[in-house]
Each structure stands twice: as structure tokens, then as C-alpha cells.
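Trainee: no sequence for this one, just the structure:
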């Protein structure tokens, strides 16, 4: 009988070779989020709206990618269009009512731009821009009422995104994407405190920074919009603020050639994937991150992920820094501290990038793969 030593030596060599391969980012074993992106609406049922020139698009039921209890819907439409977006949940035992997730317009004097408060029943509730179920699970059906600039101009819906979250899950950390370590994107720095009229303008200031970044990269100066202009254009009259997530992405996505939507990630390594692809990401975190508090009111905060240090810490463009102390918007936060602060929003992000850009590999199913 031949000796087994050569076979053992071969297996040992293969194992050692595998250990020598650099560690690549992998998806977490447990998923808390899922995503559906739509560009083709030909399978929606089309009916006339109540007002002249309006149309109603009713979707087929969408099977959610996980057992969800929170849904955020975001959209990109043409400038001048208005829309109302509604969603209901389809279960075997019954259908919920249609919940209104937003009324959008770039001209509130002609059509509302507002969230709809006081939508609570035994099935769920709407918290500004998020549908929260009291019992998880179910398919989703959307109904959109769209209108154009005038009755003779049909509305043009460019993109629709559904971001699902199972808030009960706590995914295990995924492997880091260390290819992004040491990579810092040249995102222009802006501070919300530089505008005396600002009232919690962290979101429009972050949005202005990212649009200015793409304006420079794409050589499109029209994307460099002043912060007060952005704040005015996304203001939610019912919420009375500028932190409505889909309103921010709707404003960015109305620019030709840009795609913008809200989603939630499973892990910080997914931010590394986008930084490695040259895309800054706006993330929603606890307001404790900037002021280093541990108690008191936490209103939430929006910052820009601009990159990572050589050791993997988080490089931010933080609009909430102190103007009185003349602090720079460019900050470095410890990785673990950002992970903790990001939990407040269940890892919510704004993704804004050119439609022509190829997204990173969608290993966790949390963004549009095309």
C-alpha cells in the first residue's frame, strides 16, 4: 500500500495557500436589509388620475427579499413633476390600507411637498418617511399618482427604490474591504453652521457636498448647488424640516444622469465597497457622534462618508462641526464609534451616483446591482 504522506502534504499545502490569500469582504451570515430597484414600469396598471393630466400607476405585488417590518420608498422623477406615493401590505389573511409615504413636488405652491402624519392603525404606522409594521412580513403593492408640468406634459418616473429592513436582526460583522483603507475622496467641505438661517440643515449640507463632488468629477457645474437652495427645495412642510430621506434623494435624482435613492446596509464594509468605487455615501447617525454626548436628546444627524484612514477608521465630512471654534468639516472618527452611532437609523444611507457608474458587487442585496 502506498504511503498517505504525499496526499497529506498536498492537502496541507493547499490549506496554507488558502490562508495566504488576502481577505476579501463577504456578506454577513444574517441579513437585516433587502432592496428592490425598478426602472421599467410597463407592468404597472395605468389609470387616469382624479385631476387633469394625472395618471395612477398601480404595481403588481412585490415579494419582499426578507421578513421585513420597515419600508422606505424613494424615487427619481423629472423636474417639474409631482407625485403621491402609497404602499400597502398584502397578507394571506388580509390587505392593509394604502399608507401615504409622501407627496413630492419641486413647487409646493402648485402641489404639496409633505409627509403625512397621524397614519396609525392596528397594522402599522408611518413615521415621516418610513412604514413600520406591527407584525412583520407580507408582499408590498405600490400606488403612485403622477402629474407633469402641465396637463399636456406626461410625468416621467425614472426610478423607484424599495428598501426593506428587519429591525429584529443584528447581522454579524462581515469581512472588511481593506482595499478602501487609505482612500479619501476629495469631497468639498461645508458646514451647516455657516448659514445663520439654518435649522438642522445637516441633510441638505451633506447633499450639497456630494452634489458638488459629482459636479467636479463629471465637469457639471450645475450640480454645485448652494446649501440654502437645497434646503428650501427639500423642506417637508408637514415635518417642518429637511431630514425627510426620500425628499433628499428625489432632489438629487431629478438632475439628468444621476441616480439617487435611500437604502440600508448590513455592515460598515459595504461603505468601504462604495468608497473603493469612488462614491461618497451620506449616512444617518446619532447626533452623539459629533458632540460626543451619551445622554440628552438625540435628533439624529447626517454626515458624508468620504473615505477611510490607513488603519480603517472613518473619514467624514461632518456638517455639524462647531463654526464658533472654526472646526474643519473633515473629521476622523473611530470605526467602532461610527458603527454604534449608525445603529440609530438601522444603517440608513443616501446613495447618489451617475447612472453610467457600475455599482460595486452587490454581495448583500442592499443596493441596485445595475
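Mentor: Now that the structure is in, tell me what you want to look at. Keep in mind the model is a prediction, meaning the values are calculated, not measured. Numbers count the residues shown, from 1 in each chain.
Trainee: Please make it C-alpha for all contacts and neighbour counts, starting now.
Mentor: Noted.
Trainee: The nearest residue to residue 48 once chain neighbours are set aside - how many residues pack around it?
Mentor: The spatial neighbour of residue 48 that comes closest, neighbours along the chain excluded (CA to CA, 6 or more residues apart in numbering), is residue 55 at 4.6 Å. When neighbours are counted by other CA atoms under 10 Å, residue 55 registers 20.
Trainee: now residue 277
Mentor: By other CA under 10 Å, 15 other residues sit near residue 277.
Trainee: Equivalent analysis for residue 256, please.
Mentor: Using other CA under 10 Å, residue 256 has 14 other residues around it.
Trainee: Tell me how far the closest residue to residue 168 other than its chain neighbours lies from residue 332.
Mentor: Among residues not flanking residue 168 along the chain, residue 32 sits closest, at 7.7 Å (CA to CA, 6+ apart). To residue 332, residue 32 is 27 Å away according to CA to CA, to the nearest Å.
Trainee: With residue 130 instead?
Mentor: Counting by CA to CA, the gap from residue 130 to residue 332 is 30 Å.
Trainee: okay, those two: which has more neighbours?
Mentor: Set residue 130 next to residue 332 and count neighbours by other CA under 10 Å: residue 130 wins out with 21 against 17.
Trainee: give me phi/psi at that one?
Mentor: Main-chain dihedrals, residue 130, degrees, to the nearest 10: phi -130, psi 130.
Trainee: Which strand residues bridge residue 73?
Mentor: Using DSSP bridges, the bridge partners assigned to residue 73 are residue 162.
Trainee: Give me the neighbour count for it.
Mentor: With other CA under 10 Å as criterion, residue 73 counts 25.
Trainee: Contact partners for it?
Mentor: Shown in contact with residue 73 (CA atoms under 8 Å, 6 or more residues apart in numbering): 101, 129-130, 160-163, 246, 262.
Trainee: Out of these, which end up buried?
Mentor: 101, 129-130, 160-163, 246, 262 (16 or more other CA atoms under 10 Å).
Trainee: Give me the most central residue, this structure.
Mentor: The centroid of the chain falls nearest to residue 262 when counting by CA atoms, centre = their mean (2.5 Å).
Trainee: Walking through the chain, point out its helices one by one.
Mentor: 5-20, 202-217, 227-234, 245-253, 268-276, 288-291, 335-342 (DSSP state H).
Trainee: residues making contact with the fifth one?
Mentor: Contacts to helix 268-276, defined as CA under 8 Å, 6+ apart, come from residues 25, 174-181, 183-185, 280-281, 305-308, 339, 359-360.
Trainee: Could you give me the ChimeraX selection string for whichever of these are buried?
Mentor: The following ChimeraX line selects those of these that are buried, judged by 16+ other CA under 10 Å:
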select :25,174,175,176,177,178,179,180,181,183,184,185,280,281,305,306,307,308,359,360
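Trainee: domains of this protein?
Mentor: 33-165, 178-354 (automatic domain parsing).
Trainee: Kindly provide the distance from the residue nearest to the centre of the chain to residue 93.
Mentor: Noted for residue 262: a distance of 30 Å to residue 93, by CA to CA.
Trainee: Equivalent analysis for residue 38, please.
Mentor: 28 Å.
Trainee: Looking at these two, which one has more neighbours?
Mentor: Between residue 38 and residue 93, counted using other CA under 10 Å, the more crowded position is residue 38 (12 against 5).
Trainee: I'd say that one and residue 159 touch.
Mentor: Yes. Taking CA atoms under 8 Å as the definition, residue 38 is a contact partner of residue 159 at 5.8 Å.
Trainee: The domains of the chain: which one's closest to residue 369?
Mentor: domain 33-165 (8.6 Å; CA to CA).
Trainee: surely residue 75 meets residue 263?
Mentor: No. Residue 75 is beyond contact range of residue 263, at 11.6 Å (criterion: CA under 8 Å).
Trainee: more neighbours, those two?
Mentor: residue 263 (30 against 26).
Trainee: ok, the residue found closest to that one once you drop the neighbours it is linked to in the chain - contacts?
Mentor: Counting by CA to CA, 6+ apart, residue 263 lies nearest to residue 163, which is 5.1 Å off, once chain neighbours are set aside. With contacts defined as CA under 8 Å, 6+ apart, residue 163 is in contact with 33-36, 71-73, 262-264, 366.
Trainee: Pass me the low-pLDDT residue ranges in the stretch 251-370 of the chain, would you?
Mentor: Applying pLDDT under 70 to the stretch 251-370 of the chain picks out residues 294-295.
Trainee: residue ranges of the strands in it, please?
Mentor: Per DSSP state E, counting those that start in this stretch, the stretch 251-370 of the chain carries strands over the ranges 258-264, 281-285, 301-308, 314-317, 330-333, 348-354.
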